[in-house]
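J.: fold the following.
(one chain, ligands or ions: 1)
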Amino acid sequence: MSTPVRLLAISGSVREGSINQQLVEVAAAKARALGAEVTVVDLRALALPVFDADLLAAQGFPAGALALRDLFASHDGLLLSNPEYNALPTPLFVNAFDWLSVVPADGDKPDGKAVTAGKPAGLLAASPGALGGIRALPIVRTFLSTNFAMVVVPEQLALPSAPQHLGEPSALKTPALDQALDKLVASVVKQAGWFKG
Ligand SMILES: Cc1cc2nc3c(=O)[nH]c(=O)nc-3n(C[C@H](O)[C@H](O)[C@H](O)COP(=O)(O)O)c2cc1C
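T.: Numbers count the residues shown, from 1 in each chain. Here you go, the predicted structure:
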């Protein structure tokens, strides 16, 4: 019997009560219902300093950067929800992936860019505002598909007025949005299965 696909679930915000954390956890529940194993990653727990080449030269790689590389090495795809900060993805997210991008290979673990290559990513955003964070999604798509060679699935969901739609563990309260999330998650699980082989 084949093993389940394994996905990472990451929120670009980890503040208490984060709507993006809530949204990615709903997506994670949907992926589990499709048979995937999902690991929710807390970017704050990686304790990554702001990227600084002098700091890297002086102190080497922070443990959190190596841990993120190792997490990708053991997973087949990514569910990601990012808030929009002034129309950009959050510094917490970009900084973590900047660190990942320079982590070297270690034995059978590829370097930080190769470890993501060919794996699917599904993009989400949530905002209390009217646009749902949609302005940052093309930037995240370019970031992950070019420099990290991820297969960013065409389906994406920017959730406006997010608190109205959140509150249940495995579904959005609004059926049309819940169906859109179902499609996105199914696409990532399917592509992750193709990647895993
Ligand atoms: C520095 C900053 C910039 C923000 N810029 C935007 C923005 O451009 N568009 C938007 O929809 N919301 C913006 N917001 C509001 C966030 O969408 C809101 O705080 C949201 O709850 C953040 O996601 P979280 O709940 O997952 O932390 C901004 C918030 C902060 C703190």
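J.: burial of the closest residue to residue 47 other than its chain neighbours, as a residue count?
T.: Using CB to CB, 6 or more residues apart in numbering and skipping residues adjacent in sequence, the residue nearest residue 47 is residue 64, 5.1 Å away. Any C-beta I mention is one placed from the backbone N, CA and C, and that applies to glycine too. Residue 64 has 18 neighbours, counted by other CB atoms under 10 Å.
J.: how about residue 147?
T.: If you count neighbours by other CB under 10 Å, residue 147 ends up with 14.
J.: surely it and residue 101 touch.
T.: Yes. Using CB atoms under 8 Å, residue 147 is in contact with residue 101, at 6.3 Å.
J.: residue 91 versus residue 66, what's the distance?
T.: The spacing between residue 66 and residue 91, counted by CB to CB, to the nearest Å, is 20 Å.
J.: higher neighbour count, the two?
T.: Taking other CB under 10 Å, residue 66 and residue 91 do not tie; residue 66 has more neighbours (19 against 13).
J.: shouldn't residue 149 be within a helix?
T.: No. Assigned with DSSP: H, G, I helix; E, B strand; the rest coil, residue 149 falls outside any helix and is coil.
J.: so who does it touch?
T.: Residues near residue 149 by CB atoms under 8 Å, 6 or more residues apart in numbering: 113-114, 116-118.
J.: go with 6 Å
T.: Neighbouring residues of residue 149 by CB atoms under 6 Å, 6 or more residues apart in numbering: residue 117.
J.: from here on, count from 668
T.: Got it, the first residue is 668 from now on, which makes the last one we talked about residue 816.
J.: poorly predicted segments of this protein, please.
T.: Low-confidence segments of the chain, defined by pLDDT under 70: 668.
J.: does the residue nearest in space to the middle of the chain sit in a helix, a strand or a coil?
T.: Closest to where the C-alpha atoms of the chain average out (CA atoms, centre = their mean) is residue 747, at 2.7 Å. For residue 747, the assignment made with three-state DSSP gives strand.
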